[in-house]
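>>> dropping the sequence and predicted coords here.
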Amino acid sequence: MPCERKPMRYGHSEGHTEVCFDDTGRFIVTCGNDGDVRIWESLDDDDPKFITVGEKAYSLALKNGKLVTASSNNTVQIHTFPDGDPDGILTRFTTNATHVTFNSIGSRVAAGSSDFMVKVVEVSDSSQQKTLRGHEAPVLSVTFDPKDDFLASASCDGSVVVWNIEEQTQVISWPLLQKSNDVTNAKSLCRLAWQPGMGKFLAVPVETKVHLYERGSWDHVSTLSDDLLTQPINVVSWSPCGRFLAAGSVGGLLTVWDVNSKLCVERQKHEKGFTVCSLAWHPSGSQIAYTDTEGCLGLLDGLGTSTADKNTTKQVAAKKPAKDYDDLFDDDDDRLMDEGLSDTKSPAKKAVGWDDDDDDFLVPATGRVKNRGAFLDDENSLDTGSLKLGQDKFGDNNDDAGSSVAPAAPPVAPLRPVYEGPMPTPPQKAFQPGSSPAHLTHRFMMWNFVGIVRGYNDEQDNAIDVEFHDTAVHHAMHLTNSLGHTMADLSQEGVLLACPSTEELASKLQCLHFSSWDTNKEWMVDLPKGEDARALCLGQGWAAVATSTLMIRLFSIGGVQRELFSLPGPVVCMAGHGEQLLVVYHRATGFDGEQALGVQLLQFSRKKRQLISGEPLPLSQKSYLSWLGFTAEGTPCYVDSNGMVRMLNRSLGNTWTPVCNTRETCKSKSDHYWVVGVHENPQQLRCIPCKGSRYPPTLPRPAVAILPFKLPLCQTTTEKGQMEEQFWRSVLFHNHYSFLSSSGYEIDEDAQNLSQKEQQELLMKMFALSCKLEREFRCVELAEMMTQNVVTLAIRYASRSRRMALAQRLSEIALEKSNQMQEEEQEEPEYSSTRRSSGYGHTNVMAGGRYSRRHNQQEEEEDEEERGEELMEEEDGQEMEPEEATETKKRVNPFAKEASSPIKPSPTPIGKMGRANPFKVPDSGKMSASSGQPRVTNILDNMMSSKKSAQLSSSGGKPSKSPVLKPLAPKPKTKTQSTLLQMAATKTANKKAQENTEPAANLQKRPDTPPPAPPADNSENKRPKTGFQLWLEENRKSILADNPDLEETDVIKEAMGRFRTLSTEERLSWTERAKGQSGDAADLKKRKRAEGGEGLENENEKAEADESSAKKKKSLDPSSKLSVFAFNQN
């Protein structure tokens, strides 16, 4: 095998240097003591491309466009090849790694280190790591069995060990080497090599010989030696065909053996006699690149060109394919799947019996599919498609590779059908959201809203530390982890831990219930034999654990076993919040890098129900789930490995809306954000920035960063796009109010009213912008989403802008809205009960509001709510198109729920208030088009006449007080908010006055409820009173006589109570009277004024006390603020 030794050339500064070829054989890649990786197009390349990977580079490996290096900062990092972009850190050690290598398909990397550890890491997901412990000195080298079952490593402790990767156990250990205390002092680097293809032999350099061990039996079957070898062999490497073995020694001698004949077929001497420290075969088998300890690079060329002198004819035939591979590799390197041998020309190739590797199924998640042509069932079947690029896997069904292969029968056994479809994705393993990978010695077991659970598992101790963000919940705890818990969750009530089963012990669930009032604060449960805990979570008063038998078991927080149910697939993770349980599981096998996950959302309120039942969980392409949880307000959300955060949109039929992409704020490809919490109010994504990693180290304590949310709408750089994004984000992030109230929780009405106000202001701004751009149709679309009061403002704005056609259309919308409201008012009763029970599952969250405590209220509110809160619901049901308008409207009113007594009829007043003032129309049913027309003109006329007062109010900017609208007083819950406003308006007002005007202020505060400007006035006059209002007017005096010191709101409460006690017939008769009284407008107006007058008495400090209440209403219109905006724009 005469070959040509090319002259050496300088590659790196002196010191250990390594070399490899890329998959195609086009480039030679070296790394060295200067910390650079150089990419040479040929030995003569005088300007190689270089990538700086650290101060020193100790080792490198290259496959599938991924370059892995071990550098002096104790990390193993990935760069893209040949671009050289950093692609993250695969793993870290406590000292430097000494050797890295890929498995045969490039899906895993093994690394040995001076800290005696060997780690096996998945390239696609560096959190999937296996740590092999057992060496007692620095690791010299590592090599994968081509079938990916075993890994061999050599160490300075003198041993060569074969490990079972999955079980992380030693299969066998041979004491073959001389001991040393460090890699630099070792006599030999002992770079092991496993024969490619079937992996039949493991080659181990021992002193001046190479021992071959047989895979499986682990017997020492033969030794390769040469008389000229006098110094220890440093490194060995197999040819791609698996037939030749090259060795480089400390004295600079390069030797190549034919493994079948055990003969030395090539000897070359280093030109200066320096130690050879790395060898690499060209994928074609025709060249060997080598490097020495002085940083130089050399090449042996022309190997295998003429074999006649040294080999028998039998061997010639076996050798021929290796040569033919040259052409094969030239064009073929990028094909994901080889079409098999059927199209190759060489009969010798056809004669080769190809064997499969067992990992038919393993698809590297890097996207580079293992070249499998067919799924095979046994070792002897022909795999026509698994020609792995860069490796000639010569069949060795017989003992010696090649010897019996050549003239085998040309007609190969009938070929099986070739599968060329998408490959299955390995399913992602179960994990705890907010935890870092389990293989780490120091890790986060849980980081959530409540606190942090850290696990320590090192030589000294195995312990768990629990720390609370708010020490008022509980003091920090230190627990000894004698059971080996690997999972944890933390809530305001307890800590839940679980450990996997062992051969002797069952899998256990342990709960430290620190909020218990008795003295026993701990309980433990053994799971049945053969059942392992896979995921767990805590809610309010309950705990859940998902097990390996596809079951979820529920427990009370005190340890009572509750329901259990089966999952359709293996669990991925779970999260709990309050009464809600969110479970994500594998619903099927994913293909081509995709995960097929399903999600279930259950609510354990008094009426337990499933809100989402096994729908597919949307993920970004080729990503997996990385975090799952709830916002602090209780909305489910999750994050995928591409950094996309999605949140449940309850108002859109429980769909998932992307709300943030954390990758947009990452500086480099390898940086990530590790999410620890999500808040809807304020809108915050709390996460930890991780440089070059997917998860943070426990020390130093990571700092939490806050990212903003942004919906991925189009053209968010434009003013229109920005306002649309803000508007829909506001809608989405305030959906939780309606869910919480429908589930019987109290809510912060002030915040809710603010959100509605914000939404209406945004709608008005968009309206003004569309007006400017002369997009009148768009203006009408926006008006559909506004509340009545803001529509009124829009009408005013349109008429000022001389857009009379638009104003006309808007007034029709206003009319329509008030009609709808009235119809709802009448239909409400039948609806209300059913609606309430249906709860939030279907309710339209856009109509943000049903804020009453549904459960308790059922009977009590039936009558009054018909007009109040339920009114809203109705509208919400019917008016889906004017999404936002109704939505906000609805959202608002509902809130009027008192913190103290959610069951009170509050919704009624508010509902009425919001509804009533705006557009009280007469009998909606009878309102015909003809009656509508005059009304429309009225609205506009009114508008013109009232310009003056509108300006007054708007110029003030601050909402002014207004008369009390009697039957519409809101609940006192909003007192604080209203009094604040009033203080701003008039500091001198005495307390009584303030309280009386409260309702009015309330009105101002909510964008939707504020009584509209003049037009509203007008419409209101035309709108008939409800039965309750009539009854209240007649009975007000008697109520006041009984309780002279009652305030307005209390009067209404008292009235409601009394009205409810009337018999159904009586109430109906009042309603009928109300309908009958479509009395003329003047009459109504007078009555209104009278009411206004009553309010005015309390507002003595107002200069306009004697003006008509119409003017008053105008001034309290919250739209006053908006109008300022709108008119300024003009």
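That came through, no problem. Please read all numbers here as calculations on a predicted model, not as lab measurements.

>>> state the pLDDT value of the closest residue to residue 270 other than its chain neighbours.
Leaving aside its sequence neighbours, residue 270 sits nearest to residue 252 (C-beta to C-beta, 6 or more residues apart in numbering; 3.0 Å). C-beta coordinates here come from the backbone N, C-alpha and C atoms, glycine included. Here, the pLDDT recorded for residue 252 equals 87.

>>> renumber starting at 870 from here on
In the new numbering, first residue 870, that becomes residue 1121.

>>> what's the burial count for residue 1121?
As a burial measure, residue 1121 scores 21 neighbours (other C-beta atoms under 10 Å).

>>> hang on, it packs against residue 1136?
No - distance between residue 1121 and residue 1136: 11.4 Å, which falls outside the contact criterion (C-beta atoms under 8 Å).

>>> how near is the residue nearest to residue 1139 to residue 1341?
Distance check for residue 1121 against residue 1341: by C-beta to C-beta, to the nearest Å, it reads 71 Å.

>>> now residue 1166
65 Å.

>>> neighbour-wise, which of those two wins?
Ranked by neighbour count (other C-beta under 10 Å), residue 1166 and residue 1341 place residue 1166 first, with 24 against 7.

>>> for that one, grab phi and psi.
In this entry, residue 1166 is assigned phi and psi values of phi -120, psi 130 (degrees, to the nearest 10).

>>> dump the residue contacts of it.
Contacts of residue 1166 were listed using C-beta atoms under 8 Å, 6 or more residues apart in numbering, and they are 877-880, 886, 888, 897, 899, 909, 912, 1158-1160.

>>> by pLDDT, give me the weakest of these.
For the contacts of residue 1166, the pLDDT minimum is residue 912, 83.

>>> so, low pLDDT: which residues of the stretch 1170-1319 of the chain?
Filtered on pLDDT under 70, the stretch 1170-1319 of the chain yields the residue ranges 1174-1284.

>>> any idea how far residue 1118 is from residue 1316?
Residue 1118 sits 52 Å away from residue 1316, taking C-beta to C-beta as the criterion.

>>> whoops, residue 1686 was the one
48 Å.

>>> do the same with residue 962
Computed as C-beta to C-beta, the residue 962 to residue 1316 distance reads 24 Å.

>>> residue 1436 now?
Noted for residue 1436: a distance of 25 Å to residue 1316, by C-beta to C-beta.

>>> same deal with residue 1143?
With C-beta to C-beta as the criterion, residue 1143 and residue 1316 are 52 Å apart.

>>> and those two? which has more neighbours close in?
The residue with more neighbours, out of residue 1143 and residue 1316 and counting by other C-beta under 10 Å, is residue 1316; that gives 27 against 19.

>>> tell me how far the more buried one lies from residue 1498.
Using C-beta to C-beta, one obtains 11 Å as the distance from residue 1316 to residue 1498.

>>> mind listing the shared neighbours of these two?
Common neighbours of residue 1316 and residue 1498 (criterion: C-beta under 8 Å, 6+ apart): residue 1303.

>>> what residues sit buried inside stretch 1359-1370?
By neighbour count with 16 or more other C-beta atoms under 10 Å, stretch 1359-1370 contains the buried residues 1359-1360, 1362-1370.

>>> same question for that stretch, mean pLDDT?
Model confidence over stretch 1359-1370 averages 93 on the pLDDT scale.

>>> that stretch spans what distance, first to last residue?
22 Å (C-alpha to C-alpha, to the nearest Å).

>>> now do the same contact list for the nearest residue in space to residue 1455 that is not next to it in sequence.
Of all residues beyond its chain neighbours, the one nearest residue 1455 is residue 1438 (4.1 Å), with distances taken as C-beta to C-beta, 6+ apart. Counting by C-beta under 8 Å, 6+ apart, residue 1438 touches 1419, 1454-1457, 1467.

>>> kindly recompute the last result at 10 Å.
Contacts for residue 1438 were tallied using C-beta atoms under 10 Å, 6 or more residues apart in numbering; they are 1296, 1419, 1453-1458, 1465-1467, 1483.

>>> make a ChimeraX selection of the buried ones in those.
Buried subset of these, written as a ChimeraX selection, criterion 16+ other C-beta under 10 Å:
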select :1296,1419,1453,1454,1455,1456,1465,1466,1467
